[in-house]
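Chemist: Fold the following and give me the result.
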Amino acid sequence: MTKLTGIGLQVDLGVPKTVNGVITQGARGGDPATGATTDNRAFVRKYKVAHSLDGKDWSFIMDIKTSLPKVFEGNTHYDTPELRRFQDTVAQLVRFYPE
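Modeler: A predicted model of the protein is given here:
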């Protein structure tokens with residue numbers, strides 16, 4: 001996984017694979033030095049997803065109804081995984097763009 005400026009997260013699957021959904025989950029804050037947890041909680045509420053085979057040409061997952069990049073509903077709680085499905089697409093790289 002790679003964090004990029006302007007992009008929430010990029011995942012390299014290593015080789016092209018058929019992708020038909022993503023799972024997001026938030027996180028609870030902590031201090032890596034001491035291992036102590038804090039009350040800081042983070043999660044994404046809305047995001048777009050883009051995919052690429054080569055890292056140069058990117059396409060967003062599109063909303064069939066509007067023909068615009070689909071805005072996915074994210075998490076409502078930091079600790080609960082949320083699955084969002086979309087039409088099968090072949091990709092090696094997947095990017096998340098928080099809204």
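
Chemist: Look up the residues forming beta bridges with E73.
Modeler: On the basis of DSSP bridges, E73 is bridged to K46.

Chemist: got it, and T18?
Modeler: V90.

Chemist: In this structure it contacts T89, no?
Modeler: Yes. Counting by C-beta atoms under 8 Å, T89 is a contact partner of T18 at 7.3 Å. (Glycine included, C-beta is placed from N, CA and C.)

Chemist: Between those two, which has more neighbouring residues?
Modeler: T89 (15 against 8; other C-beta atoms under 10 Å).

Chemist: give the contact list for the more buried one.
Modeler: By C-beta atoms under 8 Å, 6 or more residues apart in numbering, the contact set of T89 is T18, V19, N20, H51, I61.

Chemist: Closest one of these to A42?
Modeler: I61 (23.0 Å; C-beta to C-beta).

Chemist: Can you report how many residues neighbour that closest one?
Modeler: The burial count for I61: 21, using other C-beta under 10 Å.

Chemist: Would you list the phi and psi of it?
Modeler: Main-chain dihedrals, I61, degrees, to the nearest 10: phi -70, psi 130.

Chemist: Good, we can wrap up now.
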